[in-house]
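> Prediction below, plus the sequence it came from.
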Amino acid sequence: MISPGIVEAAICLIRAAEEGRRVRDFPAGFRLVDMAMAEAVADLVAARQGGVLGGWKLGGTNPVAQERAGIERPFRGRVRASMIYESPAEVPWPDLLRAVVEPEIAFRLGGDLPPCGRDYGIDSVRQAVEAVLPAIEIPESRLSDDHVMGGLGMVADQGFAGRLVLGRACRDWRRLDLGALRATLAINGRPVEEFYPPPSTPK
């Protein structure tokens with residue numbers, strides 16, 4: 001049974017998205033106490049919003065990121081199909097609650113990885129990946145920058161999943177050194193930022 005607090009928190013996030021605003025706290029001082037509760041809010045938001053699932057955002061995939069966010073394991077967020085664009089793309093500025101862009105690597109699976117009662121090993125996951133795509137993530141946060149919910153609030157808010165622009169798929173991706181890839185951000189053709197992999201990025 002879903003608790004009234006989780007229902008109210010989900011409704012709060014849904015209304016914020018519909019009204020194009022951001023909130024600092026949940027109603028009546030409702031507090032998230034663990035990942036399971038935060039994921040329950042995210043699941044209920046997704047169920048009530050509906051729409052076709054286009055993919056998943058994964059975050060907190062290393063201990064450093066988890067410690068920074070105050071969470072104990074990686075998180076996931078749903079990306080609806082209506083929020084995925086093929087490059088080149090134009091995203092209307094007024095529709096964005098939080099105008100941020102991040103370079104990402106997207107993975108397209110060639111088949112499902114169904115529950116099997118244990119964690120999948122890296123080799124099994126690699127075999128399931130059909131293609132790798134350069135991507136631009138435009139995170140969306142229904143929570144204000146000064147929100148009081150910490151990392152669990154981010155998990156409840158779909159990991160701040162928003163829009164995703166996908167580039168050309170690379171099917172021969174195993175020849176690439178994904179840990180050494182770089183990205184350049186340019187505005188009107190002028191480079192403004194370089195993104196380098198951290199020294200500890202595994203290859």
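Looks like it came in fine.

> pretty sure Leu109 is in contact with Gln127, am I right?
No. The pair Leu109 / Gln127 is not scored as a contact, 10.1 Å apart, by CB atoms under 8 Å. Every C-beta, even on glycine, is put in place using the N, C-alpha and C of the backbone.

> can you count the residues close to the residue nearest to Glu194 when sequence neighbours are not counted?
Excluding its sequence neighbours, the residue lying closest to Glu194 (CB to CB, 6 or more residues apart in numbering) is Thr184, at 5.7 Å. Counted by other CB atoms under 10 Å, the residues lying close to Thr184 total 10.

> Can you name every helix or strand that the helix or strand hosting Thr184 contacts?
Using DSSP states H and E, Thr184 sits within strand 183-187. Contacts defined by 3 or more CB pairs under 8 Å, 6 or more residues apart in numbering; DSSP states H and E place strand 183-187 against strand 190-195.

> which residues are in contact with stretch 90-99?
With CB atoms under 8 Å, 6 or more residues apart in numbering as the test, stretch 90-99 has contacts from 17, 20-22, 85, 138-142, 160, 162-163, 165.

> please redo it, this time with the cut-off set to 10 Å
Stretch 90-99 is contacted from outside by 16-17, 20-22, 83, 85, 101, 136, 138-145, 160, 162-163, 165, using CB atoms under 10 Å, 6 or more residues apart in numbering.

> Please indicate which of the residues you listed are buried?
Among these, the ones that count as buried by 16 or more other CB atoms under 10 Å are 16-17, 22, 83, 85, 136, 138-143, 160, 162-163, 165.

> now, among those residues, which is nearest to Glu67?
Proximity of the buried ones among the contacts of stretch 90-99 to Glu67 was ranked by CB to CB; the top entry is Phe160 with 18.1 Å.

> residues touching the residue nearest to the closest one when sequence neighbours are not counted, list them.
Leaving aside its chain neighbours, Phe160 sits nearest to Pro139 (4.3 Å; criterion: CB to CB, 6+ apart). Pro139 is in contact with 57, 59, 77, 96-102, 154, 157-164, counting by CB under 10 Å, 6+ apart.
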